[in-house]
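S.K.: could you look at this predicted model? Sequence included:
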Amino acid sequence: MTKTQTTPVARTFASGFGGAVITPSDKGYESARALWNGSIDTRPALIARCNTTADVVAAVNLTRAAGLPLAVRAGGHSVAGLSSCESGVVVDLSSMRKVQIDVEGRLATVQPGATWADFDAAGAGHGLATTGGLISSTGVAGLTLGGGIGWLQRKHGLSCDNLVAADVVTADGETVRTSESERPGLLWGLRGGGGNFGIVTSFEFTLHPVSTVLGGLMLFGLDRGQEVLRAFRDWAYDAPDDMSMLAAIVTAPPAPFVPPELNGHRVVALAGCWCGDIDAGNATLAPLRELRPAVDVFGPMPYPALQSMLDAGAPSGIRNYFRGGYLADLDDAVIDSALEHGARMPSPMSQIHFHQMGGAVARVAPDATAFSGRSAGYTYNVISTWVEAGEDQQHIAANRAVVDSLAPAASGGSYVNFLSDTDDAQSIYGGVLYERLARLKREYDPFNLFTRNQNVRPAR
């Protein structure tokens with residue numbers, strides 16, 4: 001433990017907690033409370049850094065007994081800042097980062113503080129992976145519990161589709177196991193229902209043979225946006241499942257491969273991953289290459305390299321605001337609106353993303369997991385990123401204007417990992433999924449201890 005603390009909650013933890021206790025009077029407090037999203041500035045009363053499941057159990061019990069707000073920090077990437085809380089206790093899992101690979105069984109056992117960089121590094125030596133996010137510093141826990149969009153999703157499903165078992169500390173401090181044969185209802189809720197039901201201390205994932213992929217991106221001038229996005233939409237209708245693509249409006253980076261006339265200007269980007277035969281992947285990309293991109297850096301690469309390809313665009317510590325939702329298709333009105341608003345978003349770091357869905361994601365029954373976007377053709381994410389605190393309202397307003405313009409085409413619901421605001425969870429999940437989640441919440445967290453999430457209220 002750290003030095004002797006003087007606050008009542010610190011004294012309580014000192015008597016029954018085996019991990020490190022960090023309070024505002026400690027030297028490491030400022031760095032310990034910092035989150036990926038620099039616009040989040042909460043000051044917890046205590047950070048309980050756990051090393052074992054027993055530490056997690058003690059932290060839950062002590063926080064519940066103290067009657068304080070509780071937040072769970074795993075990777076710390078929550079854009080909404082849900083991995084911290086004001087004047088409460090943060091159960092910090094960031095030291096629990098082990099990843100164990102069962103090569104013969106094609107299973108990965110992952111502690112909750114691991115990032116996808118940790119996961120991918122462990123699997124790469126065996127040529128094995130599962131669907132992770134798009135930024136390697138993202139936490140495995142938060143991404144999976146929210147669903148888990150990633151480069152392998154159309155071939156191998158979402159992260160949550162590959163979750164086959166978990167160990168969970170519930171609100172009453174009990175440690176339970178869930179799988180298809182043990183408490184399957186809880187596993188259903190963990191597959192997209194967020195952190196509503198407890199703290200997962202161990203995840204077990206199915207692994208797939210993935211080593212060298214065909215990945216990269218193409219860039220086109222924004223003046224060609226209508227032509228390129230319409231052609232991409234038509235190409236995507238029958239694209240093979242081995243290909244997962246992302247269409248985006250971004251600012252061209254100052255990279256050596258970017259022509260000077262595009263550097264620093266808004267462009268249309270097509271980024272993606274082909275996880276099958278490389279020659280077949282190049283053949284699949286041929287119609288997009290016939291559009292004559294100004295930049296084409298698609299090529300064979302190790303899967304972990306693809307996973308970190310976009311990391312530079314999501315640095316830790318600057319200000320972010322996200323909104324997202326689902327679309328049936330990229331119709332002409334959506335394309336025109338995105339291009340119009342994308343051209344005038346006030347920060348060069350801001351982006352509009354359209355994630356190609358379908359494939360293995362759509363073949364899972366809508367009620368088989370708590371993820372609400374099975375039927376979507378695309379998931380959109382409007383990303384506002386800036387530096388100066390005084391500009392918050394300008395960038396948030398611009399973001400909401402984009403979302404409002406896409407609303408007429410939105411198909412309802414939202415992807416919880418792309419939301420900066422804590423929304424009405426019933427509107428996120430829809431009535432049928434929400435009612436089942438609420439019944440599950442009543443079973444595992446009847447007094448709603450775990451509220452720092454897109455919160456599902458316990459059913460009566």
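M.R.: Done, it's in.
S.K.: in the protein, where is pLDDT below threshold?
M.R.: Residue ranges of the chain with pLDDT under 70: 1-6.
S.K.: with adjacent residues omitted, what lies nearest to the most centrally placed residue in it?
M.R.: Among the residues of the chain, the one closest to the centroid is Leu143, at 3.8 Å (Cα atoms, centre = their mean). Excluding the flanking residues, the one nearest Leu143 by Cβ to Cβ, 6 or more residues apart in numbering is Gly133, at 4.8 Å. Backbone N, C-alpha and C define where each C-beta goes, glycine included.
S.K.: would you check that the one you found makes contact with Gly146?
M.R.: No - contact criterion Cβ atoms under 8 Å: Gly133 and Gly146 do not qualify, at 9.9 Å.
S.K.: still on that earlier bit, who's in contact with the residue nearest to Leu143?
M.R.: Neighbour list for Gly133: 116, 143, 148-150, 159, 307 [criterion: Cβ atoms under 8 Å, 6 or more residues apart in numbering].
S.K.: now with 7 Å, please.
M.R.: Residues in contact with Gly133 (Cβ atoms under 7 Å, 6 or more residues apart in numbering) are 116, 143, 150.
S.K.: put together JSON lines for the residues you listed, with secondary structure and distance to Val176 on each row.
M.R.: JSON lines is the format used below for the contacts of Gly133 (DSSP: H, G, I helix; E, B strand; the rest coil; distance: Cβ to Cβ, whole Å):
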{"residue": "Trp116", "secondary structure": "helix", "distance to Val176": "26"}
{"residue": "Leu143", "secondary structure": "helix", "distance to Val176": "22"}
{"residue": "Gly150", "secondary structure": "coil", "distance to Val176": "27"}
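S.K.: and of those residues, the nearest to Met218?
M.R.: When those are ranked by distance to Met218 (Cβ to Cβ), Gly150 comes first, at 19.6 Å.
S.K.: wait, that closest one touches Leu134, no?
M.R.: Yes - counting by Cβ atoms under 7 Å, Leu134 is a contact partner of Gly150 at 6.4 Å.
S.K.: Thr206: what's it in contact with?
M.R.: So, once contact is read as Cβ under 7 Å, 6+ apart, Thr206 ends up touching 106-107, 130, 162, 164.
S.K.: typo on my end, it should be Arg233
M.R.: By Cβ under 7 Å, 6+ apart, the contact list for Arg233 reads 329-330.
S.K.: switch to 10 Å and redo it
M.R.: Applying Cβ atoms under 10 Å, 6 or more residues apart in numbering, we find Arg233 in contact with 247, 329-332, 334-335, 354, 356, 377-378.
S.K.: gap between it and Val432?
M.R.: Distance of Arg233 to Val432, given as Cβ to Cβ, to the nearest Å: 30 Å.
S.K.: quickly find the element holding the residue nearest to Leu143.
M.R.: Counting by DSSP states H and E, no helix or strand carries Gly133.
S.K.: now do the shared contacts for Gly133 and Gly146.
M.R.: What both Gly133 and Gly146 touch, as defined by Cβ under 10 Å, 6+ apart, is the set 159, 417.
S.K.: okay, domains of this protein per the record?
M.R.: The chain breaks down into these domains under automatic domain parsing: 8-92, 99-209+432-444, 212-418.
S.K.: okay if I get those as CSV plus distance to Asn453?
M.R.: CSV is the format used below for those (distance: least, Cβ to Cβ, whole Å):
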stretch, distance to Asn453
domain 8-92, 6
domain 99-209+432-444, 4
domain 212-418, 8
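S.K.: rewinding a little: what subset of the contacts of Arg233 is buried?
M.R.: Among the contacts of Arg233, those scoring as buried are 247, 330, 334-335, 354, 356, 377-378 (criterion: 16 or more other Cβ atoms under 10 Å).
S.K.: now the helices: where do they sit in the stretch 151-300 of the chain?
M.R.: Ranges of helices in the stretch 151-300 of the chain, per DSSP state H, counting those that start in this stretch, are 153-156, 184-190, 225-236, 278-289.
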